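Colleague: sequence? don't have it. structure:
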């Protein structure tokens, strides 16, 4: 039975990563490291959160939520930096 859960979790992880990548494909040329790392942390955090719910591990669930929030903040920082960089290119 544990193999089935592992397989489902692995499939869910792959689906989440594909979804996160598809969401931002149109901005592929203007993406910085903070945006990529932040969105990666968001997905990893969501995976940990869901895994914690499935297994019943509150600690893992909270850890995932914290990682997700940190990823959102890092992605927003990257968005701001990218907007600043793009606007400086347009002004120059």
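Modeller: Good, I have the coordinates. What you see is a predicted model; the values in this text were computed from it and never measured. Residues are numbered from 1 along each chain as shown.

Colleague: longest helix of the chain?
Modeller: For the chain, the helix with the greatest residue count under DSSP state H is helix 58-91.

Colleague: helices or strands up against that one?
Modeller: Helices and strands touching helix 58-91, by 3 or more CB pairs under 8 Å, 6 or more residues apart in numbering; DSSP states H and E, are helix 33-55. No exception for glycine: its C-beta is placed from N, CA and C like everyone else's.

Colleague: excluding sequence neighbours, find me the nearest residue to residue 30.
Modeller: Nearest residue to residue 30, sequence neighbours excluded (CB to CB, 6 or more residues apart in numbering): residue 82, at 5.9 Å.

Colleague: I'd say that neighbour and residue 36 touch.
Modeller: No. With contact defined as CB atoms under 8 Å, residue 82 does not count as touching residue 36 (10.9 Å).

Colleague: any idea how far the residue nearest to residue 30 lies from residue 34?
Modeller: Distance, residue 82 to residue 34, using CB to CB, to the nearest Å: 8 Å.

Colleague: how about residue 85?
Modeller: Residue 85 sits 11 Å away from residue 34, going by CB to CB.
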